[in-house]
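**Q** Here is a sequence together with a model predicted from it:
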Amino acid sequence: MEIKKMMKAIVKTKRESGAEYKDVPVPEPNPDEVLIKVHAAAICGTDIHIYQWNKWAQENFERSFSPVPRIMGHEFSGEVVKKGVLAESIEIGQRVACETHIPCGHCYQCRTGDTYNCQNIRRFRDGIYGEYAVVPAKNLVLLPDTMTYDQAAVMEPFSVATHGASMVSMVGDTVMVMGCGPIGLFIIKIARAMGASYIYASDISDYRRKLALDSGANQVFNPIECDVVECVKKLTASLGCGTVFDTSGNVDAIKQGFKILRKCGNMVMIGLPSKTLSFEDAGNDIVWKAAKIYGIHGREILKSWEISKGLIGSGAVNIDHLLTHRFPFSQYETAFELAEKGMTGKVILYPDNIEKD
């Protein structure tokens, strides 16, 4: 395969709202890296923050990633077209996705088996919203033939959902999902596959509540229009739910989730709180309930990915209807405008010269 010298990419060029679609050099892989021909990419909430250049991006982007200018994006799938001399186990032509957190391998967490929460976590040296991308060979995830590039492009956030779901048992139990963004919707699909008996969900978006029902939720609630806690308590004979997932990061939703949680239940917190989280009645909501609380950061490397491959690749979980919008890279402004409004599931982006799945 002939590899060009220059490529088109979506680049964050300034410390302000927006990005540019421009020509940049095709990157050269280091000895422990591979060059990927990108087939599909996805928009993440982090990408929206960076695109808007909001307070979060101003405080975290360059510290966590690299200085501007930088190619945007991190969720993707593609094909290996070139490799460094140390990437011996990787073959040209392999279809892959990639874990986006790069552990150091030396800190306490890495040495004791918790590499996903490495103290010195790094990211790709540049982003992936381009025709080609360079990533570490050790972070690659090989794709089964049964998985499309579109599906594989969202395996990173899907694996956050499998990480959270793997912490608890939902067989025959009631589940509540606070927030029906992409990860919340993935949680609903996984909870159904794991044997949950009843799944409830809450979101202010009519569009996303409809997606939640299509994903397997038994009943959905609009917290603006009803008292979600009272509604769920009535449906569960005042017991509440055995497992509550918060994927919203909204502090009011989190507090509602703790009140919905059944005694001795599991609270799985995935969303980052939007502001300081304080409890007026922590005794009743947490201590006397003997609540088990799990904080979920990223994915278990690479265990969560293998679970995701099994669920999606086997067809046990079908996520195709949650990949709701598709755009070429050149239409990135339209794509981000739509994603910012929350009127989407996952938005898939393609290099302009790539055929869609």
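**A** That came in fine, so what should we check first?

**Q** ok, the most far-flung residue of the chain relative to its centre to T174 distance?
**A** Centroid-distance maximum for the chain: A237 at 33.7 Å, with Cα atoms, centre = their mean. For A237, the distance to T174 equals 10 Å [Cβ to Cβ, to the nearest Å]. Every C-beta, even on glycine, is put in place using the N, C-alpha and C of the backbone.

**Q** for Q151, same thing?
**A** Using Cβ to Cβ, Q151 is found at 29 Å from T174.

**Q** now swap in T334 and tell me
**A** Look at T334 and T174: by Cβ to Cβ, they are 40 Å apart.

**Q** Between the two, tell me which one has more neighbours.
**A** Between T334 and T174, T174 has the larger neighbour count (other Cβ atoms under 10 Å), namely 24 against 13.

**Q** Phi first, then psi, for that one.
**A** In terms of degrees, to the nearest 10, the main-chain angles of T174 are phi -100, psi 140.

**Q** Could you double-check that it sits in contact with G242?
**A** Yes - the pair T174 / G242 is scored as a contact, 5.6 Å apart, by Cβ atoms under 8 Å.

**Q** Can you pull the residues that touch both of these two?
**A** R262 (Cβ atoms under 8 Å, 6 or more residues apart in numbering).

**Q** Do I have it right that D203 meets P182?
**A** No - using Cβ under 8 Å, D203 makes no contact with P182, being 11.8 Å away.

**Q** mind listing what's buried in stretch 125-144?
**A** Along stretch 125-144, these residues count as buried under the neighbour rule (16 or more other Cβ atoms under 10 Å): 125-141, 143.

**Q** How many residues are close by D252?
**A** If you count neighbours by other Cβ under 10 Å, D252 ends up with 12.

**Q** Is the closest residue to it other than its chain neighbours in a helix, a strand, or coil?
**A** Spatial nearest neighbour of D252, excluding adjacent residues (Cβ to Cβ, 6 or more residues apart in numbering): P223 at 7.5 Å. Classification of P223 using DSSP: H, G, I helix; E, B strand; the rest coil returns coil.

**Q** what's near enough to touch the most centrally placed residue in the chain?
**A** With distances taken as Cα atoms, centre = their mean, P157 lies nearest the centre of the chain, 2.0 Å away. Going by Cβ under 8 Å, 6+ apart, P157 touches A42, C44, E75, P182, I183, F186, K346.

**Q** Make sure S330 is actually in contact with D352.
**A** Yes - the pair S330 and D352 qualifies as a contact (Cβ under 8 Å) at a distance of 5.3 Å.

**Q** More neighbours: which of the two?
**A** Between S330 and D352, counted using other Cβ under 10 Å, the more crowded position is S330 (14 against 11).

**Q** Could you pull up the residues touching that one?
**A** Residues in contact with S330 (Cβ under 8 Å, 6+ apart) are K8, Y21, D352.

**Q** how far away is the last one from M343?
**A** In this case it means D352. Counting by Cβ to Cβ, the gap between D352 and M343 amounts to 24 Å.

**Q** cool, and the second one?
**A** Shown here: Y21 relative to M343, a distance of 23 Å by Cβ to Cβ.

**Q** Comparing these two, which residue is more hemmed in?
**A** Set Y21 next to M343 and count neighbours by other Cβ under 10 Å: Y21 wins out with 17 against 14.

**Q** my read: the more buried one touches Q331, true?
**A** No - under the criterion of Cβ under 8 Å, Y21 makes no contact with Q331, lying 9.1 Å away.

**Q** what kind of secondary structure is T276 in?
**A** Secondary structure, three-state DSSP: T276 is coil.

**Q** List the contacts of it.
**A** T276 makes contacts with V251, as judged by Cβ under 8 Å, 6+ apart.

**Q** And for the residue lying closest to A42 once chain neighbours are set aside, the neighbour number?
**A** Nearest residue to A42, sequence neighbours excluded (Cβ to Cβ, 6+ apart): E75, at 4.1 Å. Per other Cβ under 10 Å, the neighbour tally for E75 reads 26.

**Q** what's the answer for G181, then?
**A** G181 has 21 neighbours, counted by other Cβ under 10 Å.

**Q** And for A253?
**A** Counted with other Cβ under 10 Å, residues neighbouring A253 total 21.

**Q** Look up phi and psi at it.
**A** Main-chain dihedrals, A253, degrees, to the nearest 10: phi -70, psi -40.

**Q** so what's the residue nearest to it when sequence neighbours are not counted up against?
**A** Excluding the flanking residues, the one nearest A253 by Cβ to Cβ, 6+ apart is M178, at 4.3 Å. By Cβ under 8 Å, 6+ apart, the contact list for M178 reads 184, 201-202, 244-248, 250, 253-254, 256-257, 271.

**Q** Can you give me the buried ones in whatever helix or strand D47 lives in?
**A** In this assignment (DSSP states H and E), D47 forms part of helix 45-52. For helix 45-52, a neighbour-count test (16+ other Cβ under 10 Å) marks G45, T46, D47, I48, H49, I50, Y51 as buried.
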